[in-house]
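A.B. asks: No sequence on hand, only this structure:
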C-alpha cells in the first residue's frame, strides 16, 4: 500500500539518509509482489504495514531512546502478529532496539527504566494486543493448538530423496511452475 511505501522510505531515510529513503520507497512501490498483494484486501498487506510501523518506531527508539517509541513499536508488533502469525519475527528486532537504546547524556543508561517496566512494555504489551486481536486463542484453545500443529506439520515435511534441496530459488521456482 502507499502507506507501507511511505513508512519503508521513512525507515530507510532514518537509517541511511534521503537517497536511501527514496530508493527504498521506489523499490517497494515497483516490487511486483508488493503491488499484487496491495491490490486486494489481504491480510498480508496489513501485516507488512504493521511490521513496517513496528520497525519505524523501533529505529526511532534506538536513536532517541524514548519509551513512547518503544511502546508504539510494541503496539504495532502486537497488531502485526494478530494480523498474521509469521510477523512474530519482528519481536527480536524491537527488543534489540529497545535494549540498545541509550538516553542521551545518561552515561549509557537505558531510558526504559527498570527491567520490570521493560519486560512489561516489550513482552506483555505485544502479547496483550495479539490476544485482543486473536481472541479465539483463549476462547477455543483446542482449535488453535490443532491449527498450530497443522502449520508445524507443513513446515516439517522433509524433502524426498532425489528432490533438489531448498535454496534461495525454491519459492520463485514453484511460483512459475518449475520453469527454471
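C.D. replies: Great, that's in hand. Since the model is a prediction, treat every value here as computed from it, not as a measurement. Numbers count the residues shown, from 1 in each chain.
A.B. asks: alpha carbons only for contacts and neighbour counts from here, please
C.D. replies: Fine.
A.B. asks: ok, and what's touching the top helix by length along the chain?
C.D. replies: As assigned by DSSP state H, the longest helix anywhere in the chain is helix 43-64. Identification of contacts with helix 43-64 by C-alpha atoms under 8 Å, 6 or more residues apart in numbering yields 1, 3-4, 7-8, 10-11, 14-15, 34, 37-38, 66-70, 72-77, 79-81, 83-84, 87, 90, 93-94, 97-98, 100-104.
A.B. asks: Restricted to helices, list those residues.
C.D. replies: 3-4, 7-8, 10-11, 14-15, 34, 37-38, 67-70, 72-77, 79-81, 83, 93-94, 97-98, 100.
A.B. asks: Could you pull out the buried residues of the longest helix of the chain?
C.D. replies: By 16 or more other C-alpha atoms under 10 Å, the buried positions in helix 43-64 come out as 44-63.
A.B. asks: what's around residue 37, how many residues?
C.D. replies: 15 (other C-alpha atoms under 10 Å).
A.B. asks: Return a selection command, for use in ChimeraX, containing the buried ones of the ones in helices among the contacts of helix 43-64.
C.D. replies: The following ChimeraX line selects those of the ones in helices among the contacts of helix 43-64 that are buried, judged by 16+ other C-alpha under 10 Å:
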select :4,7,8,10,11,14,34,38,67,69,70,72,73,74,75,76,77,79,80,81,83,94,97,98,100
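A.B. asks: Spit out the contact partners of the nearest residue to residue 88 once chain neighbours are set aside.
C.D. replies: Of all residues not flanking residue 88 in the chain, residue 81 sits nearest, at 5.5 Å (C-alpha to C-alpha, 6 or more residues apart in numbering). Shown here is residue 81, whose contacts under the criterion C-alpha under 8 Å, 6+ apart are 47, 87-88, 130.
A.B. asks: repeat that for 7 Å
C.D. replies: By C-alpha atoms under 7 Å, 6 or more residues apart in numbering, the contact set of residue 81 is 87-88, 130.
A.B. asks: got any ranges where the chain has weak pLDDT?
C.D. replies: Scanning the chain for pLDDT under 70 picks out 40-41, 102-115, 153-180.
A.B. asks: Swap in 90 and give it another go.
C.D. replies: 1-2, 29-46, 61-70, 84-90, 92-124, 134-138, 141, 143-180 (pLDDT under 90).
A.B. asks: Please name the residues that touch residue 75.
C.D. replies: Counting by C-alpha under 7 Å, 6+ apart, residue 75 has contacts 125-126, 129.
A.B. asks: Rebuild those as JSON lines, extending it with distance to residue 25.
C.D. replies: Listed next are these as JSON lines, based on distance: C-alpha to C-alpha, whole Å:
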{"residue": "125", "distance to residue 25": "30"}
{"residue": "126", "distance to residue 25": "27"}
{"residue": "129", "distance to residue 25": "29"}
